[in-house]
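Novice: Prediction below, plus the sequence it came from.
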Amino acid sequence: MDYDVAVVGGGPGGYVAAIRAAQLGAKVLLIEKDQLGGVCLNRGCIPTKTLLKSAEKWRELNRCGDFGLTAGNIGFDYRLITGRAGQVAEQLRKGISQLVKSNAVDCKAGTARLAGGDRISVAAAAGTEQYSARKIILATGSVPVRLPVPGGEAPCVIDSDGLLALSEVPRNMVVVGAGAVGIEFAAIFQSFGCDVTVVEMAPSILPGLDGEIVKRLALLLRRQGIKLLTNARVTGIRPGTDGGVVEVFDGVDKREIETEKVLASVGRVPAVEGLGLDEAGVAHSRKGIRVSARMETTAAGVYAVGDVTGEYLWAHAASAEGMVAAENACGQKAAINYRAVPGCIYTTPELAMVGLTEQEALQQGKEVRVSKFNFAANGKAVSMGEPDGMVKIIAEQNTDAVLGMHILGPHASDLIMEGALAVQNQLTARDLAHTIHPHPSLSEAIMECAHRVNGAIVHQARLKA
């Protein structure tokens, strides 16, 4: 069968591309070997955020006395918690299926391979079939990296998929890698009573993010009971009495940690195996498929979006890239703009960021003004019992343009959109400061922080000269 556009992969980049192409009048084929929604919906973003919500509610129950409330005989059933995560994913998966169907996108279950020119080979249970498409969009995502140490394939070692499949909370766990995934899982399982140790080779957790904000978060995580071992690496794993023994070296001393589970969270690599990229002339490296700002690969008529490009491993970035690829595949002219891609770390409190960090701005030789405002001085945050964290704005000295915003605090993943709009549209700190924000609201912390870029603010004591 002939199609205008064929999309390989039904994750947040692929299904969005398929729907957008169909909206533009194309006859579209969407090929997915597993489930619509990809890793994000089925084994990533959505299940983990559902677990995190249960963890947050459990925390709230345990400190209800702070709000004048009393409760007895509280507890949790982890099977029911994970069951709800599955139900949420199923509900959203059905929604995506309906969206795809309502846009007249043909779906095919199977494993795709580029077969030369405009041909795609799809291997399914019933056999292999051939399809042709004028344009092809690759959105195959990424897969977890195996733990590259002796004993890295021991039964006690699991990846994020394995962790989500657990039916009960382990007594203790070592998380190898302190990126977004590792830190989020550490926070979730610690909330449910797991004794968590995080091991990270870099000098700090969440490498690459704003150093000052990360230091604050690390302090809060340690206060919650999570052990953070930085400048340390796992040198091996061997069987233990009830799981495994993790050998850790920090450059000076060696230590051994007995643990029930080891979470391998050392990154992800593009899922390109078996796609036939070399035969099709699609240039790629270990980082991913090489693409232009129009999401074009080096093969005519073939585009790539999402994790498989190795650019930004965020679901929202994949969806934006999918829109661009679909529009170009359908004859329009579109280009991706990475100026303001927000990122979010779903810990308690949340961490969100957009634009440049203070360190990046200085490394680029920019003259900047940096402003900070603590949530402890925000009425809404204090009334919620969530005063930890702060807003940080980096503005250019001469133009006052907002170069970056970093938020550690309640609902940071929602608040960061104000920063994304500012960076994307080159708004100034004055623009933010002189926009009236509702009271009481968490957003006032952004307004106050923006005011301080250019002078004093009301709700923060002046420093003595």
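Specialist: Looks like it arrived, so ask away. No experiment lies behind these values; they were computed from the predicted model shown.

Novice: mind checking how far stretch 414-422 is from the chain centre?
Specialist: In terms of Cα atoms, centre = their mean, to the nearest Å, the centre of stretch 414-422 is found 16 Å from the chain centre.

Novice: Go through stretch 151-160 and flag the buried ones.
Specialist: 151-152, 154, 156-160 (16 or more other Cβ atoms under 10 Å). (Each C-beta comes from the backbone N, C-alpha and C, glycine too.)

Novice: in this structure, what spans have low per-residue confidence?
Specialist: 463-465 (pLDDT under 70).

Novice: same for the helix ranked longest in it, what does it pack against?
Specialist: Determined from DSSP state H, the single longest helix within the chain is helix 78-102. Applying 3 or more Cβ pairs under 8 Å, 6 or more residues apart in numbering; DSSP states H and E, we find helix 78-102 packed against helix 14-23, helix 38-43, helix 45-62, strand 106-109.

Novice: quick one on the thing from earlier: could you export the buried residues of stretch 151-160 as CSV, including distance to Lys135 and secondary structure?
Specialist: Converted to CSV, the buried residues of stretch 151-160 look like this (distance: Cβ to Cβ, whole Å; DSSP: H, G, I helix; E, B strand; the rest coil):
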residue, distance to Lys135, secondary structure
Gly151, 46, coil
Gly152, 40, coil
Ala154, 45, coil
Cys156, 46, coil
Val157, 41, strand
Ile158, 39, strand
Asp159, 34, coil
Ser160, 33, helix
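
Novice: so which of the residues you listed would you say is closest to Gly9?
Specialist: Nearest to Gly9 among those: Ser160, at 18.5 Å, using Cβ to Cβ.

Novice: residues contacting the closest one?
Specialist: Residues near Ser160 by Cβ atoms under 8 Å, 6 or more residues apart in numbering: 43-44, 48, 144, 181, 185, 263, 265.

Novice: for His451, same thing?
Specialist: By Cβ under 8 Å, 6+ apart, the contact list for His451 reads 433, 457-458.

Novice: Backbone dihedrals for it, both of them.
Specialist: His451 adopts backbone torsions of phi -60, psi -40, taken as degrees, to the nearest 10.

Novice: Tell me where the longest strand sits in this protein.
Specialist: strand 127-138 (DSSP state E).

Novice: Can I get that one in CSV, CA atoms only?
Specialist: Provided in CSV are the C-alpha atoms of strand 127-138 (Å, rounded to 0.1, in the frame of the first residue of the first chain):
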residue,chain,number,x,y,z
GLY,A,127,4.8,-12.1,8.5
THR,A,128,6.7,-9.3,6.8
GLU,A,129,4.9,-6.8,4.6
GLN,A,130,6.2,-4.0,2.4
TYR,A,131,4.9,-0.4,2.3
SER,A,132,5.9,2.7,0.3
ALA,A,133,5.8,6.2,1.5
ARG,A,134,6.8,9.5,-0.1
LYS,A,135,8.2,10.7,3.2
ILE,A,136,9.4,8.8,6.2
ILE,A,137,9.7,10.0,9.8
LEU,A,138,11.8,8.0,12.3
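
Novice: Can you tell me what sits against the longest helix of the chain?
Specialist: Contacts for helix 78-102 (Cβ under 8 Å, 6+ apart): 10, 15, 18-19, 30, 35-37, 41-42, 46-47, 50-51, 54, 107, 164, 166-169, 192.
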